[in-house]
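> just coords:
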């Protein structure tokens, strides 16, 4: 099997083992366990907390001590073990701690999968990272969608079987990982004495420091849409004229348009990145977030349905042009010996600090300023999020200095 097909299977399974429960865990929490809603937000908070330390820590390990593909496999096997244990937990507080352990094993594998893909492609003859990686990564989104639908179609969305589906997938991926192309540590003995913290020196570079800071703020925007998108559509049921609408009945299907859109925009990344460069692509992403939130603000399940659907389509551009392009920028802007830890740093800023910023700040703001007598003012909530994204876009355009040279992109792609 060619390197590209091997990486396609890895990316498919990488997000399959997450998508099997991420969208449906609320049904298990509320519908099966009947646990209180006040603690449920902490389940998603565990992803941000784990991303603060694990991607960077495991990135340092992959750069210094152990082959990236072996560490990747070990983490997925540990993740599988915790998933199989989750259904045995009968207390919500304990469940959150166990979920934190699961996320400590899973979240760093996202950065490691990128690092493995980049290394394998660079070592493969006639491969171009910028051109070849996005079509490979698109299968990760397809894996997420397949897992989401499998969980629903097997009647597992409110049961413990969603964790078993993910756990079995994680075992398959963990074992498969040991057959992936070798990605040995790139640091020499002198570099290893630096305690593996060399990637943090990237903050000493003005351009890279700004890139990571803006990545954190965009990571916050991603959490806003993940946390509130589905509940926003569901709460239209409280309005009499929308109660029996398709959007209310099938809100998860409507939201899945966002993931389907991802698969299309991922394929457009090589053209945009080579044609316009990272600054313009990131700006497009930020403006897409403004559109995403603005369309939600004015959309509704009847005559405004087109706005909701368009918002879901725009999400693909907002997510991919930031997340995938950002990862490629880190890859093409850092040296091989800190490749894994640099990807971990990017993960820490987006899914760590960004996730916590988005989750906690938005939760506080919505409760404090946009909730009246228990009813959320979604119109103004989404407008506030749109304004947040617009401010980030303007500041990024002013302060992030980057001159695009297509030849530089082509040179580091091999």
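Thanks, I have it. This one's a predicted model, so the numbers in the text were calculated from it and none came from an experiment. Numbers count the residues shown, from 1 in each chain.

> Only C-alpha atoms from now on, for both contacts and neighbour counts.
OK.

> so what's residue 17 closest to, chain neighbours aside?
Nearest residue to residue 17 in three dimensions, chain neighbours excluded: residue 166, at 4.4 Å (Cα to Cα, 6 or more residues apart in numbering).

> State the distance from the one you found to residue 392.
Residue 166 sits at a distance of 36 Å from residue 392 (criterion: Cα to Cα, to the nearest Å).

> that older thread, so what's the backbone phi/psi at the residue nearest to residue 17?
phi -70, psi -40 (degrees, to the nearest 10).

> Residue 301 too?
Its backbone dihedrals place residue 301 at phi -70, psi -10, with angles given as degrees, to the nearest 10.

> For it, give me the pLDDT.
Residue 301 is assigned a predicted lDDT (pLDDT) of 92.

> Contact partners for it?
Shown here is residue 301, whose contacts under the criterion Cα atoms under 8 Å, 6 or more residues apart in numbering are 236, 242, 245-248, 308.

> now do 10 Å
With contact set as Cα atoms under 10 Å, 6 or more residues apart in numbering, residue 301 has these partners: 233, 236-237, 241-248, 307-309.

> Now, of those residues, which are buried?
The neighbour-count test (16 or more other Cα atoms under 10 Å) marks 233, 236-237, 242-243, 247-248, 307-309 as buried among the contacts of residue 301.

> pLDDT-wise, what's the bottom of the contacts of residue 301?
Checked by pLDDT, those have residue 248 as the lowest-scoring entry (79).

> between residue 166 and residue 392, who's got more neighbours?
Taking neighbours as other Cα atoms under 10 Å, residue 166 and residue 392 compare with residue 166 leading, 26 against 18.

> hmm, back to that, would you list the buried ones among the contacts of residue 301 in CSV and tack on distance to residue 8?
Putting those into CSV (distance: Cα to Cα, whole Å) gives the following:
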residue, distance to residue 8
233, 33
236, 39
237, 40
242, 41
243, 41
247, 33
248, 35
307, 33
308, 31
309, 29
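
> So which of these sit within helices?
The subset of those located in helices under the criterion DSSP state H comprises 233, 247-248, 307-309.

> quick one: low-confidence ranges for the stretch 1-150 of the chain?
Scanning the stretch 1-150 of the chain with the threshold set as pLDDT under 70 gives 1, 37-38.

> Mind jotting down where the strands sit in it?
Across the stretch 1-150 of the chain, reading from the start of the chain, there are no strands by DSSP state E, counting those that start in this stretch.

> which residues in it form helices?
Here the stretch 1-150 of the chain has its helices, by DSSP state H, counting those that start in this stretch, at 3-22, 25-26, 40-64, 68-85, 92-122, 129-153.

> Okay, now the unreliable bits of the stretch 201-350 of the chain?
Using pLDDT under 70, the flagged stretches of the stretch 201-350 of the chain are 226-227, 252.

> all helices for it, in order.
206-234, 246-249, 251-298, 305-333, 339-347.

> Need the winner for burial among these.
Neighbour counts averaged per stretch over those are highest for helix 339-347, at a mean of 29; criterion: mean count of other Cα atoms under 10 Å.

> any idea of the mean pLDDT for the next helix or strand after that helix?
Scanning forward in sequence from helix 339-347 by DSSP states H and E, the next helix or strand is helix 355-369. In this model, helix 355-369 has a mean pLDDT of 80.

> And stretch 185-196, by the same measure?
Here the mean pLDDT over stretch 185-196 is 55, rounded to a whole number.

> Can you name the residues that contact the spatially closest residue to residue 209 that is not a sequence neighbour?
Taking Cα to Cα, 6+ apart, and ignoring the residues beside it in sequence, residue 209 has residue 203 as its nearest neighbour in space, at 4.4 Å. By Cα under 10 Å, 6+ apart, residue 203 lies in contact with 209-213.
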